[in-house]
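*Asks:* need a 3D model of the sequence below.
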Amino acid sequence: MRVFIIVGTRPEAIKMAPVHAALRADAAFEPVLVSTGQHREMLDQVLDWFGMTPDHDLRLMRPGQSLSGVASAAIAGIATLIGTERPDIVLAQGDTTTVLAAAIAAFNAEVPFGHVEAGLRTHDLARPFPEEGFRQMASRVARWHFCPTSHAAEALRAEAVGGELHVVGNTVVDALVATLARVGDPQTPLSRSRMVLITGHRRENLGSNFEAVFSVIARLAAENPDIDFVYPVHLNPKVREPAFEKLTARPNVSLIEPVPYPEMVALMKRAALILTDSGGIQEETPTIGAPTLVLRDSTERPEALSPGHCELVGADPDRIYARATDMLAGVASRRTRQNPFGDGRAAARIADILAGREAAAFSPAVASIRP
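*Replies:* Predicted structure coming up:
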């Protein structure tokens, strides 16, 4: 079977790398890797790490493109490839413009579409925007819904979607386990014994939310001169400008360029605390074991809020300050946990299901990795 694996962003490449590897190792499949190039530089880093070379690179991005412009170009490009390559299956992951385009192009060509990481919901189209709308639309046309958890599958059952629902775990855990076996200490210079890792990029946090978040990080850094605060700053100017304005003056704050995926994993292993609005990091930290504050008001990953995993704090500076201070004082610590999102075998289950074989049951049991 010829299977299109379509990626466009760094998180998609990370989460589809195990699927690509599983299909390449299986004689039942001929995987064809298609890149839309939605996040060019950061995407290429991940492809290199996992040894993946796109069979087709659409190179769609242009300066100043709107969401609709990216979507229409991606739909047209993928549709043309479907017409010439004639895949038996199209797979895409998550909730980006690339996923929406892959789902629509496959649907229009009457090619079965498989949605990896299906069923995540906030039930609020504005949070996150546009991802919540994109993943809901993709669910309407999917033949296979590869759900990371039973909660995600239940959300799809409540929506009465068509197609097959399969709880397989999240492929990000597959990628993380493979990467942890290969990485050592961070390459980022660290001069203090403890480190706080920061990530932030969500559209709903642009503007006043990031202004508030960066102000409280500056306060925490000033009050904790013995702790390194490391922030690989997203390339979006609307993130970079307030970050550099608020944080440059702090000697223990390192504002660095986006790091390759293995370096991010090494930093997470080292972190005493993580502040993030990332969905993927919410899925990874239960395995890593680092206390994590989520800079969002809601999450489509409620499993992450189990005791000891992650805590929602939004962009409320008082709450961020209070909880971060408690955690840095030792109220929260690393400890062995099970990861509710995966056991490292999600990609193998996807391959078995697509091949019509019986897949092993999902049982989340990945312990934390201590630095």
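
*Asks:* residues contacting residue 2?
*Replies:* Residue 2 is in contact with 29-30, 32, 85-89, counting by CB atoms under 8 Å, 6 or more residues apart in numbering. No exception for glycine: its C-beta is placed from N, CA and C like everyone else's.

*Asks:* same question for residue 255.
*Replies:* 231, 233, 243-244, 247-248.

*Asks:* in a strand, it, correct?
*Replies:* Yes. Applying DSSP: H, G, I helix; E, B strand; the rest coil, one finds residue 255 inside a strand.

*Asks:* any idea what it is bridged to?
*Replies:* When bridges are called by DSSP bridges, residue 255 pairs up with residue 231.

*Asks:* pLDDT score for it?
*Replies:* pLDDT recorded at residue 255 is 97.

*Asks:* repeat for residue 335
*Replies:* Value for residue 335, per-residue pLDDT: 61.

*Asks:* please renumber the chain so that the first residue is 789 from this point on.
*Replies:* Got it, first residue is 789 now, which makes that one residue 1123.

*Asks:* may I have the strand or helix carrying residue 802 as PDB, with CA atoms only?
*Replies:* For residue 802, the element it lies in under DSSP states H and E is helix 798-812. This file holds the C-alpha atoms of helix 798-812, laid out as PDB (Å, rounded to 0.1, in the frame of the first residue of the first chain):
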ATOM      1  CA  ARG A 798       8.200  20.700  13.500                       C
ATOM      2  CA  PRO A 799       5.700  19.100  15.900                       C
ATOM      3  CA  GLU A 800       4.200  17.100  13.000                       C
ATOM      4  CA  ALA A 801       7.500  15.900  11.900                       C
ATOM      5  CA  ILE A 802       8.400  14.800  15.400                       C
ATOM      6  CA  LYS A 803       5.100  12.900  15.900                       C
ATOM      7  CA  MET A 804       5.100  11.400  12.400                       C
ATOM      8  CA  ALA A 805       8.700  10.200  12.400                       C
ATOM      9  CA  PRO A 806       7.900   7.000  14.300                       C
ATOM     10  CA  VAL A 807       5.000   6.300  11.900                       C
ATOM     11  CA  HIS A 808       7.300   6.900   8.900                       C
ATOM     12  CA  ALA A 809       9.900   4.500  10.500                       C
ATOM     13  CA  ALA A 810       7.200   1.800  11.300                       C
ATOM     14  CA  LEU A 811       5.800   1.900   7.700                       C
ATOM     15  CA  ARG A 812       9.300   1.800   6.200                       C
END
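
*Asks:* just the element for the residue nearest the centre of the chain, please.
*Replies:* Of all residues in the chain, the one closest to the mean position by CA atoms, centre = their mean is residue 1068, 3.2 Å from it. Using DSSP H and E, residue 1068 falls within helix 1067-1076.

*Asks:* can I get that helix in PDB, CA atoms only?
*Replies:* C-alpha atoms of helix 1067-1076 as PDB (Å, rounded to 0.1, in the frame of the first residue of the first chain):
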ATOM      1  CA  GLY A1067       0.700  20.900  23.700                       C
ATOM      2  CA  GLY A1068       3.600  18.600  22.900                       C
ATOM      3  CA  ILE A1069       5.500  19.400  26.000                       C
ATOM      4  CA  GLN A1070       2.400  18.600  28.100                       C
ATOM      5  CA  GLU A1071       2.600  15.100  26.600                       C
ATOM      6  CA  GLU A1072       6.300  14.700  27.100                       C
ATOM      7  CA  THR A1073       6.800  16.000  30.700                       C
ATOM      8  CA  PRO A1074       5.200  13.000  32.400                       C
ATOM      9  CA  THR A1075       8.000  10.900  30.900                       C
ATOM     10  CA  ILE A1076      10.600  13.500  31.600                       C
END
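
*Asks:* and the next helix or strand after that helix, what does it pack onto?
*Replies:* Using DSSP H and E, the helix or strand that follows helix 1067-1076 towards the C-terminus is strand 1080-1082. Identification of packing neighbours for strand 1080-1082 by 3 or more CB pairs under 8 Å, 6 or more residues apart in numbering; DSSP states H and E yields strand 1061-1064, helix 1067-1076, strand 1098-1100, helix 1105-1116.

*Asks:* deepest in the core, which of the ones you listed is it.
*Replies:* Ranked by mean neighbour count under mean count of other CB atoms under 10 Å, the helices and strands packed on strand 1080-1082 are led by helix 1067-1076, which reaches a mean of 25.

*Asks:* strands of this structure, residue ranges please.
*Replies:* Assigned strands in the chain, in chain order: 790-795, 818-823, 844-845, 877-881, 901-904, 932-935, 952-955, 982-986, 1015-1020, 1041-1044, 1061-1064, 1080-1082, 1098-1100 (criterion: DSSP state E).

*Asks:* rewinding a little: could you export the helices and strands packed on strand 1080-1082 as CSV, including distance to residue 1027 and mean pLDDT?
*Replies:* Formatted as CSV, the helices and strands packed on strand 1080-1082 follow (distance: least, CB to CB, whole Å; pLDDT from 0 to 100):
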stretch, distance to residue 1027, mean pLDDT
strand 1061-1064, 13, 97
helix 1067-1076, 16, 92
strand 1098-1100, 20, 93
helix 1105-1116, 17, 95
